[in-house]
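[1] Following is a predicted model, sequence given first.
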Amino acid sequence: MIFILIVGALLLFLGIGFYNANKLQHIHIQKTVNIQSDIETTFDNVVFLKNFTKWSPFYEADPNQKTTIKGNDGQVGAQFHWDGNKGKDLGFQEITEIKPLEYIKMECDIQKPFKANPTFEYSFSKKGNLIKVTQDFNLKSGLVDSFFMWLFGAKKDMEKMNARGMERLKSVSEE
């Protein structure tokens, strides 16, 4: 009888988990900030990867991480590599599209702590005397990876990190 209850509870847990994980196979997070700065400064803070450590929430969380830039910074093909958290975080992001003063797309290749390939897209527009910056984050993953993201509450962490990054971009651009 106890065995049946344990198996039933486990099946219920897995059923709920995979039901919720199915919803996490595509994660889209959108954050927008209005920045009191000129569009060139704001755009340059994103397109030039050398500026990333000034506003990155990941660098804020781990200022000892090693970072390198490969390629021509500020141009398509430039890459920002990181190795942090004592070797537990490893990956890079690459600029894949630029429309000057309007749009930047970056694709990430995360190898640790898990394998993932999210994209970040930044749109810039003037709104009166403000610069409106919208960040679109997209991550597609398999059902098993999504199950573990659900289990550990990864989407909430991603939302908080992205919001913090946009707050820091605002702060740096308004200095």
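    Cool, the structure landed.

[2] Only C-alpha atoms from now on, for both contacts and neighbour counts.
    Will do.

[3] Low-confidence regions, this structure specifically.
    Filtered on pLDDT under 70, the chain yields the residue ranges 17-22, 24, 143-144, 146, 150-151, 153.

[4] Can you give me the separation between residue 94 and residue 107?
    Here the criterion is CA to CA, to the nearest Å. By it, residue 94 lies 5 Å from residue 107.

[5] Neighbour count: those two, which is higher?
    residue 94 (23 against 19; other CA atoms under 10 Å).

[6] what residues are up against the residue nearest to residue 162 when sequence neighbours are not counted?
    Spatial nearest neighbour of residue 162, excluding adjacent residues (CA to CA, 6 or more residues apart in numbering): residue 31 at 7.2 Å. Applying CA atoms under 8 Å, 6 or more residues apart in numbering, we find residue 31 in contact with 134, 135, 136, 162, 163, 166.

[7] Distance to residue 89 for those - can I get that in JSON lines?
    Below are the contacts of residue 31 laid out as JSON lines (distance: CA to CA, whole Å):
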{"residue": "134", "distance to residue 89": "26"}
{"residue": "135", "distance to residue 89": "22"}
{"residue": "136", "distance to residue 89": "22"}
{"residue": "162", "distance to residue 89": "17"}
{"residue": "163", "distance to residue 89": "20"}
{"residue": "166", "distance to residue 89": "21"}
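
[8] Let me see the residues that make contact with the helix or strand harbouring residue 158.
    Secondary structure assigned from DSSP states H and E places residue 158 in helix 154-174. Residues from elsewhere that reach helix 154-174 (CA under 8 Å, 6+ apart): 27, 29, 31-37, 41-42, 45, 54-58, 135, 149.
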